[in-house]
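A.B. asks: Just the structure for this:
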Amino acid sequence: MRKLVTGAGLAAVMMLGGATARAQGGAYGMAGCGLGSLAFGKDNTKMMQILAGTTNNILFPQTFAITSGTSNCVEGGVVTAEREQTAFAEVNFQDLKRNMAMGGGEYLTSFSTLLGCEESAKPAFFKMSQEKYSTLVPTAETTPVAMLSSMKQQIKADPALAAQCSDERAIARAQGKLPKPTDVAMTKSATVK
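C.D. replies: This next block holds a predicted model:
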């Protein structure tokens, strides 16, 4: 019975670690945050990530790092940046689509900041959003989440934009390491639509 309980506990820890790894994978490697991310870094070879994951989940529990905010497990990061991007796209979708079609505007400026674009990249980002509008918003049924996903694909497909609009920059902004965008608030009233 004790082996069964121990096995179930180990499985639960590994599943928790796997969920965290998926959420944090882009910033700290597949094993996610925790002592393993400090010891083994972002080297995404399978062996290094297995060692990092083992360190995170068995030797020094990743849950401690998460709850204490240590070992790269800090609030913000990938999940926060993605949530902010998604929330902004959902709340401001109609205005954002208008700005994209025009090739500029305050909503598109704020959106580019949330996507981690440097100031110097914004004119190219605006031009791309206008030129690729029919790809980004192919139908009237296109959802904000679908548009966001397509936008990220278009950024990555353009070498110049990919170099100046990075997930790392978006994460740093979400963590408060860069200034927040002076944007039209994400608190825009739903009644204004």
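A.B. asks: L161 falls within a helix, correct?
C.D. replies: Yes - under DSSP: H, G, I helix; E, B strand; the rest coil, L161 sits within a helix.
A.B. asks: gap between it and M102?
C.D. replies: From L161 across to M102, the span is 19 Å (CB to CB, to the nearest Å). To be clear about C-beta, it is placed using only N, CA and C from the backbone, and glycine gets the same treatment.
A.B. asks: just A170 next, same as before
C.D. replies: According to CB to CB, A170 and M102 sit 23 Å apart.
A.B. asks: ok, now V91?
C.D. replies: V91 is 19 Å from M102, by CB to CB.
A.B. asks: quick one, which of these two is more surrounded?
C.D. replies: Taking other CB atoms under 10 Å, V91 and M102 do not tie; V91 has more neighbours (20 against 13).
A.B. asks: tell me the domain ranges of the chain?
C.D. replies: Listed by automatic domain parsing, the domain ranges of the chain are 2-68, 77-192.
A.B. asks: Mean pLDDT lowest where, among those?
C.D. replies: Of all the domains of the chain, the minimum mean pLDDT falls on domain 2-68 (a mean of 56).
A.B. asks: mind listing the helices for the chain?
C.D. replies: 2-28, 35-40, 46-54, 62-68, 77-91, 93-102, 106-114, 122-131, 133-136, 144-157, 159-164, 167-174 (DSSP state H).
A.B. asks: Specify the angle between the fifth one and helix 106-114 in degrees.
C.D. replies: Spelled out, it's helix 77-91. Relative orientation of helix 77-91 versus helix 106-114 (axes from the mean of the first three to the mean of the last three CA atoms, to 10 degrees): 170 degrees.
A.B. asks: Can you report how many residues neighbour V137?
C.D. replies: So V137, with other CB under 10 Å, has 22 neighbours.
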